[in-house]
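**Q** Following is a predicted model, sequence given first.
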There are 2 protein chains.
Amino acid sequence: MADEKAITRKSEDFDRWYTDVVRRAELADYAPVRGCMVIRPYGYALWERIQRALDDMIKRTGHENMYFPLLIPESFLQKEAEHVEGFAPEVAWVTHGGQRELEERLAIRPTSETIICSMFAEWIHSYRDLPVLINQWANIVRWEKRTRLFLRTTEFLWQEGHTFHETRAEAEEEVDRMLDCYRELAEEWLCLPVIPGRKTDAEKFAGAEYTLAIEAMMSDGWALQAGTSHFLGQNFTRAYGISFTDRDNAQQHPYQTSWGLSTRIIGGVIMGHGDDAGLVLPPRVAPVQAVVVPVVRSGDPEGTAAVDETCRRIESAAGEVRLRVDRRDGIRPGEKYAHWELRGVPLRITVGARDLATGRVTVTRRVDGESWTEPADGVAARLPELLEEAHRRTRARADRTLGERSVEARTLDDLRRAFAERPVFANVPFCERRACEETITGAAHALTIRVLRRDRSGEPGRCIACGEPASEVAVVARAY
Amino acid sequence: MADEKAITRKSEDFDRWYTDVVRRAELADYAPVRGCMVIRPYGYALWERIQRALDDMIKRTGHENMYFPLLIPESFLQKEAEHVEGFAPEVAWVTHGGQRELEERLAIRPTSETIICSMFAEWIHSYRDLPVLINQWANIVRWEKRTRLFLRTTEFLWQEGHTFHETRAEAEEEVDRMLDCYRELAEEWLCLPVIPGRKTDAEKFAGAEYTLAIEAMMSDGWALQAGTSHFLGQNFTRAYGISFTDRDNAQQHPYQTSWGLSTRIIGGVIMGHGDDAGLVLPPRVAPVQAVVVPVVRSGDPEGTAAVDETCRRIESAAGEVRLRVDRRDGIRPGEKYAHWELRGVPLRITVGARDLATGRVTVTRRVDGESWTEPADGVAARLPELLEEAHRRTRARADRTLGERSVEARTLDDLRRAFAERPVFANVPFCERRACEETITGAAHALTIRVLRRDRSGEPGRCIACGEPASEVAVVARAY
């Protein structure tokens, strides 16, 4: 099994396990450019499925795709003070083009609010031009200090939505609506239960009034921020001079939102579901949903013919299901099983002469390893149902992990005790003061406040740090 | 008609007409970054349709999508001598990242052969790893001196295919196969007849053994190179140290191809089909294939109700057809007609009370302005057929233009006379010598050899420049 030597065990070294899975399942690899990655065909096919699902939601909610330039003049970046302060340290600068030094440096976009605002300042005049509901799929560059495949790379792929509205209320609804699209993507497509909530001021987007996010729990109990939706208020529209004539003929600055989800989510899929054998892919986005492995014995031409014929019949009856028959020569069935387990294919159908003697094949479900037989004739038609069952079980297992690893903490001691045992999501009453945030995150190694939970906002309590009345419940966790 | 003031007439000033159409139909606009453009929703929707059609072809022919980094270390670019000489003058350089000067400058990719070769040097070991058939959709930056929306911009979007093969013959087949995909895209989807052929050595891709291209004729008789497919031989695989163990256990360098098609093709669609009223979009890629315009008279509530009801019925019966009902208030029908004509929508359905009295609606075809009535009940079901007819007529008109504007020239005088009248595609016998190429392109203002025609290669003749035997027929034209 030269091709498939064992990956590091997850329980042994989660970080090495992660890198092993990404590289050995051929999702991505390091590029010879600092902090950049190459997304390989299997990883890119997964991204294309995620893109398609999200793009459909973005269009269904009334947005249109556009494309804005990669390069942003330095002077544009500087118009919104908080924004430039937040992003300037991470910018890659173009200083020369066509063998000449440029008069003004150009930033490679670290996000596109600034260039988008500068264009819409020309296009928005009247309330009739609103709302503007647009999105772009693009590459982004941020000069990160420590990088990790998918999770944090110098360059990454994402979509960024940008909208402008007549009223604050309408813009705030939009922020909620798009966060809910991200929640739907994570939960319904990727089988990752998430906690939606608001970021603290310390953690919000540079230039936003507030930031909402969804936080997913990885299978080691750490958190991954999987998508963010920002209410920008009038911060940028003021700074960039975007105004419109409202229904009362007065000049107003529109209210703005932006929201983004990136290739980082692939890291979430890997760490949320993977196990010692490798990836476990959510069926709805798996590039290969079912793999058929023929098992034949040499010196059994009749059995071999029956196996081949059954494989062909399953293949031609697969319809919309993304199914592959692994007909590679010279590779033992065991190696093939390991190959597709590493790649997280949700279902394996083993077609062997012995089962076929009774008209059956063996189906094995990746997420829990369960195996059973199905009639060879009916298995292809059953696949959509079997994939749905695999989806439910993948989701249920992730729900269970989140449930088992969530704790309530009323005191800083509770919090310390919880993290002394293992990484968890600790729900703690929190008063939103910066000093208390520092007390909380300092209570144990590498703690962060992920979000103020949406579903528990307004819950009466006393801040875990200062004991004053608190009406928010913060999720405290270690985070990627 | 404030919204739709007339665009420059095409016959008056083709260049201004082009820019007017691009901006007023809201396909794209200039960005405040030198030579860059913003692709607006209508233009991007057109690009998405073109992408989808081409991506399907790329996958159907066995290729998988990947993603390689945007940034390429300077040392990588320099390994293939011809390549760096060709591209270095156009490169944008990143010199600073994260507030520090970089040790080595990074090029923003002007094309990705170099970074791709550096990765596949690690991944290709044996003939079993071949062929490698991959593609990426990406943004590209080339520091062009003169820029023009879609046709030549500092940044553009494209796909670039890259393949590695065991044998020269297999790689050459690939070069042909992908050129034929581009021909199919241009002809079957975009209604643009093209001439496939080989570029002269002076015009080939920097680093290629040879380059194939498809050339389309714009409606002013000028040429547009609409897609290129390169045979790279072993030039890059040698330079980047890519080798494999062949079937005889010997070390070999694989043969390589690359091929690309960009947002430039949108310029071809505009200039190939547009007219004085604006865009004429090929039905298979038009973001809106049919627009319904209700025509109602004030003081006719009964007629208005019937019109509204018919519009709703057509809308709900449109099925797969991309149909929009223009229900905008306070805009006269004439303005709506102009609005959608400018945007090139292939079919307009006018729903008015007078026609409805006899159960009919009026259909108007954008490409030739023909109008006729159809039964209101059946028109939605007829749309696919009517769109096919619009497709055929759009293609036939472009075929006619190409036919009428193609000439045979046997002497340099023939050539001069032809171009003295108007821009044409002149077919001339050509011996392939560089000196003769210069004589030919110097015969009149701004001539270029577009391609050596594929369909007439081997035709016996005498070079139009030197009179020596020639076996290639060159297409001479002015080009965008």
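**A** Looks like it arrived, so ask away.
**Q** Tell me where the stretch 251-400 of chain A has strands.
**A** A:251-252, A:255-262, A:290-295, A:323-325, A:347-352, A:360-365, A:371-375 (DSSP state E, counting those that start in this stretch).
**Q** and these as CSV, adding mean neighbour count and mean pLDDT?
**A** C-beta: built from backbone N, CA, C; applies to glycine. CSV is the format used below for the strands of the stretch 251-400 of chain A (neighbours: other C-beta atoms under 10 Å in any protein chain shown; pLDDT from 0 to 100):
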stretch, mean neighbour count, mean pLDDT
strand A:251-252, 13, 97
strand A:255-262, 26, 98
strand A:290-295, 24, 98
strand A:323-325, 18, 98
strand A:347-352, 22, 98
strand A:360-365, 20, 98
strand A:371-375, 13, 97
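**Q** now what about the helix or strand of chain A with the lowest mean pLDDT, what contacts it?
**A** Ranked by mean pLDDT, DSSP states H and E, the helix or strand of chain A with the weakest confidence is helix A:81-87, at a mean of 88. Residues outside helix A:81-87 that contact it (C-beta atoms under 8 Å, 6 or more residues apart in numbering or on different chains): A:77-78, A:110-111, A:113-114, A:142, A:205-207, A:235-236, A:239.
**Q** A:Val363: what's it in contact with?
**A** A:347-350, A:371-374, A:379, A:386.
**Q** Whichever residue of the stretch 101-250 of chain A sits closest to chain B: what's it in contact with?
**A** Taking C-beta to the nearest C-beta, chain B has its nearest neighbour within the stretch 101-250 of chain A at A:Trp143, 3.3 Å off. Neighbouring residues of A:Trp143 by C-beta under 8 Å, 6+ apart: A:35, A:89-92, A:154, B:97-98.
**Q** nearest to B:Glu408, of the residues you listed?
**A** Set against B:Glu408, the nearest of the contacts of A:Trp143 by C-beta to C-beta is A:Ala92 (53.4 Å).
**Q** Please list all residues in contact with A:Leu452.
**A** If you count contacts by C-beta under 8 Å, 6+ apart, A:Leu452 has them with A:197-200, A:430, A:432, A:472-475.
**Q** Tell me which residues of stretch A:94-103 come out buried.
**A** By neighbour count with 16 or more other C-beta atoms under 10 Å in any protein chain shown, stretch A:94-103 contains the buried residues A:94-98, A:102.
**Q** Likewise for stretch A:376-383?
**A** In stretch A:376-383, counting by 16+ other C-beta under 10 Å, buried: A:376, A:379-380, A:383.
**Q** still on that earlier bit, looking at the strands of the stretch 251-400 of chain A, spot the one closest to B:Leu212.
**A** Smallest distance to B:Leu212 across the strands of the stretch 251-400 of chain A (C-beta to C-beta): 32.8 Å, for strand A:323-325.
**Q** Let's see the pLDDT reported for the residue lying farthest from the centre of chain A.
**A** Farthest-out residue of chain A from its mean C-alpha position, per C-alpha atoms, centre = their mean: A:Gly299, at 48.9 Å. A:Gly299 is assigned a pLDDT of 89 by the prediction.
**Q** distance of it from chain B?
**A** From A:Gly299 over to chain B the distance is 26 Å, taken as C-beta to the nearest C-beta, to the nearest Å.
**Q** And for A:Trp17?
**A** For A:Trp17 relative to chain B (C-beta to the nearest C-beta), the value is 22 Å.
**Q** A helix includes that residue, no?
**A** Yes. Using DSSP: H, G, I helix; E, B strand; the rest coil, the assignment for A:Trp17 is a helix.
**Q** any idea how far chain B is from the spatially most central residue of chain A?
**A** By C-alpha atoms, centre = their mean, chain A has its centre lying nearest to A:Ile265, at 1.8 Å. According to C-beta to the nearest C-beta, A:Ile265 and chain B sit 15 Å apart.
**Q** wait, doesn't that residue sit right on A:Leu190?
**A** Yes. At 7.0 Å, A:Ile265 counts as touching A:Leu190 under the criterion of C-beta atoms under 8 Å.
**Q** Overlap in contacts, these two.
**A** In contact with both A:Ile265 and A:Leu190: A:Ile50, using C-beta under 8 Å, 6+ apart.
**Q** Look up phi and psi at the residue lying closest to the residue of the stretch 101-250 of chain A closest to chain B once chain neighbours are set aside.
**A** The shortest distance from A:Trp143 to any non-neighbouring residue, by C-beta to C-beta, 6 or more residues apart in numbering or on different chains, is to B:Gly98 (3.3 Å). Backbone torsions for B:Gly98, taken as degrees, to the nearest 10, come to phi 60, psi 40.
**Q** what about A:Ile72, is that helix, strand or coil?
**A** Put simply, A:Ile72 is strand when judged by three-state DSSP.
**Q** tell me the contacts of it?
**A** Contacts of A:Ile72 were listed using C-beta under 8 Å, 6+ apart, and they are A:106-109, A:112, A:114-115, B:33.
**Q** ok, now with 7 Å
**A** A:106-107, A:109, A:114-115, B:33 (C-beta atoms under 7 Å, 6 or more residues apart in numbering or on different chains).
**Q** picking up where we left off before, tell me the spacing between the residue farthest from the centre of chain A and A:Arg354.
**A** Distance of A:Gly299 to A:Arg354, computed by C-beta to C-beta, to the nearest Å: 14 Å.
**Q** domain ranges for chain A?
**A** A:2-273, A:290-386, A:408-477 (automatic domain parsing).
**Q** Quick check: which of those is nearest to B:Ala290?
**A** Nearest to B:Ala290, of all those, is domain A:2-273, at 18.9 Å by C-beta to C-beta.
**Q** Tell me the residues on the stretch 1-150 of chain A that lie near chain B, please.
**A** Taking C-beta under 7 Å from any C-beta of the partner chain as the contact definition, the stretch 1-150 of chain A meets chain B at A:31-33, A:36, A:38-41, A:44, A:48, A:64-73, A:89-90, A:92-99, A:106, A:108, A:118-119, A:134, A:139, A:141, A:143.
**Q** The stretch 251-400 of chain A: helices as residue ranges?
**A** All helices of the stretch 251-400 of chain A, identified by DSSP state H, counting those that start in this stretch, fall at A:264-273, A:301-316, A:333-342, A:353-356, A:379-404.
**Q** Looking at those helices, which one is packed in the most?
**A** helix A:264-273 (a mean of 26; mean count of other C-beta atoms under 10 Å in any protein chain shown).
**Q** Is the residue nearest to A:Trp143 in contact with A:Glu90, as I believe?
**A** Yes. With contact defined as C-beta atoms under 7 Å, B:Gly98 counts as touching A:Glu90 (6.2 Å).
**Q** And the residue nearest to the centre of chain A, how far from B:Leu415?
**A** According to C-beta to C-beta, A:Ile265 and B:Leu415 sit 59 Å apart.
**Q** got it, and A:Arg332?
**A** Between A:Arg332 and B:Leu415 the distance is 68 Å, computed by C-beta to C-beta.
**Q** The two: which is more packed in?
**A** Each of A:Arg332 and B:Leu415 has its neighbours counted (other C-beta atoms under 10 Å in any protein chain shown); B:Leu415 has more, 22 against 10.
**Q** re earlier: and the domains of chain A: which comes nearest B:Gly467?
**A** Judged by C-beta to C-beta, the one of the domains of chain A that comes nearest to B:Gly467 is domain A:2-273, at 41.0 Å.
**Q** For whichever residue of the stretch 351-480 of chain A sits closest to chain B, report the pLDDT, please.
**A** Using C-beta to the nearest C-beta, the point where the stretch 351-480 of chain A gets nearest to chain B is A:Tyr480, with a distance of 20.2 Å. With respect to pLDDT, A:Tyr480 scores 95.
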